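Chemist: Fold the following for me, if possible:
(one chain, ligands or ions: 1)
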Amino acid sequence: MAAVDTQAPPSTQCSFLFDAEHEAFRAEVRRYVEQELNPRSDAWDESGRIPREEFLRAGELGLFGLAVPEAYGGSAGDCRMPLVMAEEMARARSRGVSMGFGAHSAIAMPHLVRFGTDEQKARYLADLVAGRRIAALGVTEPTAGSNVAGMKSTVTRDGAGWVLRGEKMFITNSVNGDLFFVAAKTNPAAGHRGVSMFLVERKTPGFSVEELKGKLGRRASDTGRLRFDNCRLPADALLGQENHGFYQIMQCFEHERLVIAGGCVGAADMVLEETQKWVQNRVYGEGTLADMQVTKQRLAKSATELEAARQLVYYCARRVMQSIPSLKEVAMAKAFCAEAAFRIIDDCLQLHGGYGYFDSPVERAYRDIRLDRIGGGATEVMYDIIAKQMGI
Ligand SMILES: Cc1cc2nc3c(=O)[nH]c(=O)nc-3n(C[C@H](O)[C@H](O)[C@H](O)COP(=O)(O)OP(=O)(O)OC[C@H]3O[C@@H](n4cnc5c(N)ncnc54)[C@H](O)[C@@H]3O)c2cc1C
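Modeler: Numbers count the residues shown, from 1 in each chain. Modelled structure (predicted):
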């Protein structure tokens with residue numbers, strides 16, 4: 001991606017995490033969001049679909065290969081570039097776009113990068129990096145969301161291959177998707193020790209998708225229910241080690257939760273900036289809303305919480321870059337950022353009064369942020385992980 005001569009946003013200048021290359025990338029993603037996505041994304045929110053061509057455009061900009069080896073068309077970076085992308089994409093008018101892109105590149109693809117064989121990577125990665133194929137991760141089931149180990153989908157051996165049966169629920173990119181990373185039990189009696197991951201191509205006979213409509217937020221991203229009716233998979237559809245799928249999912253959660261936390265920071269940052277402008281311009285009596293001490297206090301408190309959230313994410317990123325085990329810290333970041341961003345955006349909407357209740361950046365952000373307390377592991381699940389890591 002070409003470097004752009006734009007000054008780094010003030011919020012990130014003191015992060016001690018990013019260098020000039022990251023800030024040039026940040027400026028380029030911000031330009032992409034403001035000039036290319038924002039003018040068009042309202043229509044995608046309406047239709048509930050990101051056009052496939054937009055995945056090609058994002059692929060062209062290098063957004064999907066940030067943590068992919070160069071041999072497959074990626075730029076082989078560490079977690080910082082995906083974090084910058086998450087922060088900046090979350091500032092978009094439609095967070096549905098960042099959801100579709102993120103489910104593809106930050107949630108599904110890392111499974112292939114980490115656990116795929118050379119043959120699997122050679123078959124799929126270059127197309128995924130370019131946005132020619134779209135990926136989705138299927139873990140959640142109708143009766144097993146937070147309790148991943150409770151999944152009921154099964155895979156049995158069949159000659160040289162496998163047969164997949166079951167269902168997945170709430171899967172992002174299920175309508176647009178070409179390649180699905182699906183978790184199912186290869187040994188149902190073994191609980192979480194019997195889960196394996198499989199690569200399932202859309203054209204597989206017996207595989208069907210039901211689109212789910214009526215989401216609160218993230219509307220541009222498509223969501224669906226997957227059904228696997230005796231789907232025959234080739235022997236090399238197994239991704240990673242048989243019966244190690246649960247551990248693979250947990251390993252990939254670290255990256256997923258880090259970028260979700262980064263997205264929360266980006267979304268709250270954008271709304272806080274908008275709200276500061278709003279209160280300074282909103283006439284109230286002889287002055288503006290910003291003249292009231294309660295407004296100043298409210299925004300100062302939000303800015304303080306936001307900075308704490310940001311620095312917790314950056315602290316986790318540094319740990320992850322140094323390969324320091326960070327299950328607890330990343331769970332803390334995911335929980336803290338989701339809860340803080342929700343509170344901040346709610347407070348900002350309050351300061352917009354009726355104008356915040358109608359279609360506006362703050363109204364969308366309010367709808368869009370709600371998912372962060374549920375998806376990628378609900379806040380309560382994060383607290384469970386933290387407590388367990390504390391030895392409680
Ligand atoms: C728009 C959207 C997109 C999604 N995309 C994907 C995707 O691409 N791939 C995928 O696999 N999944 C996806 N999900 C699923 C998401 O990860 C799950 O919704 C989430 O993990 C929660 O599971 P659940 O909905 O079954 O809720 P449940 O597991 O039934 O939990 C309901 C609530 O119970 C509480 N709770 C749960 N566990 C505990 C606990 N241990 N202690 C205390 N309280 C608890 C929490 O408040 C939780 O919100 C998506 C969901 C949505 C809404």
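Chemist: quick check, Thr204 in a helix?
Modeler: No: using DSSP: H, G, I helix; E, B strand; the rest coil, the assignment for Thr204 is coil, not a helix.
Chemist: Now for it, how many residues are close by?
Modeler: Using other CB atoms under 10 Å, Thr204 is surrounded by 17 other residues. Every C-beta, even on glycine, is put in place using the N, C-alpha and C of the backbone.
Chemist: Wait, it touches Cys231, no?
Modeler: Yes: counting by CB atoms under 8 Å, Thr204 touches Cys231, with 5.0 Å between them.
Chemist: so Leu63 touches Val33, yeah?
Modeler: No: proximity of Leu63 to Val33 does not meet the contact threshold set by CB under 8 Å, at 10.9 Å.
Chemist: More neighbours: the two, which one.
Modeler: Under the criterion of other CB under 10 Å, the comparison of Leu63 against Val33 puts Leu63 first, with 26 against 22.
Chemist: Poorly predicted segments of this protein, please.
Modeler: 1-15 (pLDDT under 70).
Chemist: who in it is up against the ligand?
Modeler: 103, 136-140, 145-146, 170-172, 215, 218, 223, 371, 374-376, 378, 380-381, 384 (CB under 6 Å from any ligand atom).
Chemist: any idea how far the closest residue to Ala135 other than its chain neighbours is from Asn176?
Modeler: Spatial nearest neighbour of Ala135, excluding adjacent residues (CB to CB, 6 or more residues apart in numbering): Ala108 at 3.8 Å. Distance of Ala108 to Asn176, given as CB to CB, to the nearest Å: 12 Å.
Chemist: again with Phe170
Modeler: In terms of CB to CB, Phe170 sits 15 Å off from Asn176.
Chemist: Same drill for the two, tell me which one is more crowded.
Modeler: Using other CB under 10 Å as the criterion, Phe170 and Asn176 rank with Asn176 on top: 23 against 19.
Chemist: ok, the more buried one - contacts?
Modeler: With contacts defined as CB atoms under 8 Å, 6 or more residues apart in numbering, the neighbours of Asn176 are 49-50, 52, 55, 100, 134, 222.
Chemist: Which of those fall in helices?
Modeler: Within these, residues falling in helices by DSSP state H are 52, 55, 100.
Chemist: So what's the residue count around the second one?
Modeler: For Phe55, the count of nearby residues is 24 (other CB under 10 Å).
Chemist: Please verify my assumption that it contacts Val129.
Modeler: No: assessed by CB under 8 Å, Phe55 is found out of contact with Val129, at 10.8 Å.
Chemist: If we ignore the residues flanking it in sequence, what's nearest Lys328?
Modeler: Gln389 (3.7 Å).
Chemist: go on, Phe170?
Modeler: Using CB to CB, 6+ apart, the closest residue to Phe170 is Thr140 (5.2 Å).
Chemist: any idea how far that neighbour is from Gly214?
Modeler: For Thr140 relative to Gly214 (CB to CB), the value is 17 Å.
Chemist: Between those two, point out the one with more neighbours.
Modeler: Using other CB under 10 Å, the more surrounded residue of Thr140 and Gly214 is Thr140, with 20 against 7.
Chemist: Show me where this protein has its strands.
Modeler: Assigned by DSSP state E, the chain shows strands spanning 135-138, 154-158, 161-172, 179-185, 195-201, 207-211, 223-233, 238-239, 283-284, 287-288.
Chemist: Next up, the contacts around Met169.
Modeler: 140-142, 145, 225.
Chemist: quick one: contacts for the nearest residue to it once chain neighbours are set aside?
Modeler: Distances taken as CB to CB, 6+ apart place Pro142 nearest to Met169, at 4.7 Å, with adjacent residues excluded. Going by CB under 8 Å, 6+ apart, Pro142 touches 167, 169, 225.
Chemist: Just send those back as JSON lines, with distance to Arg282 too.
Modeler: JSON lines is the format used below for the contacts of Pro142 (distance: CB to CB, whole Å):
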{"residue": "Glu167", "distance to Arg282": "49"}
{"residue": "Met169", "distance to Arg282": "42"}
{"residue": "Arg225", "distance to Arg282": "44"}
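Chemist: Between the residues you listed, which sits nearest the ligand?
Modeler: Distances from the ligand to these, taken as CB to the nearest ligand atom, are shortest for Met169 (6.9 Å).
Chemist: residues near the residue of the stretch 51-200 of the chain found nearest the ligand, how many?
Modeler: In the stretch 51-200 of the chain, the residue found nearest to the ligand is Gly145; the distance is 1.8 Å by CB to the nearest ligand atom. Gly145 has 18 neighbouring residues, counting by other CB under 10 Å.
Chemist: repeat for Leu61
Modeler: 19.
Chemist: In this structure it contacts Tyr32, no?
Modeler: Yes: here Leu61 reaches Tyr32: they are 6.2 Å apart, a contact under CB under 8 Å.
Chemist: Helices of the chain, start to end?
Modeler: Using DSSP H, helices in the chain cover 20-31, 41-47, 52-60, 80-89, 95-102, 109-115, 118-130, 245-281, 293-321, 327-352, 354-357, 361-369, 379-389.
Chemist: Tell me the buried residues in the first one?
Modeler: Pointing back at helix 20-31 there. 22-30 (16 or more other CB atoms under 10 Å).
Chemist: from these, which is closest to Met292?
Modeler: Arg30 (31.4 Å; CB to CB).
Chemist: So the closest one versus the ligand, what's the distance?
Modeler: 25 Å (CB to the nearest ligand atom, to the nearest Å).
Chemist: distance of that residue from Arg57?
Modeler: In terms of CB to CB, Arg30 sits 16 Å off from Arg57.
Chemist: and if you look at His104?
Modeler: 13 Å.
Chemist: okay, these two: which has more neighbours?
Modeler: His104 (30 against 14).
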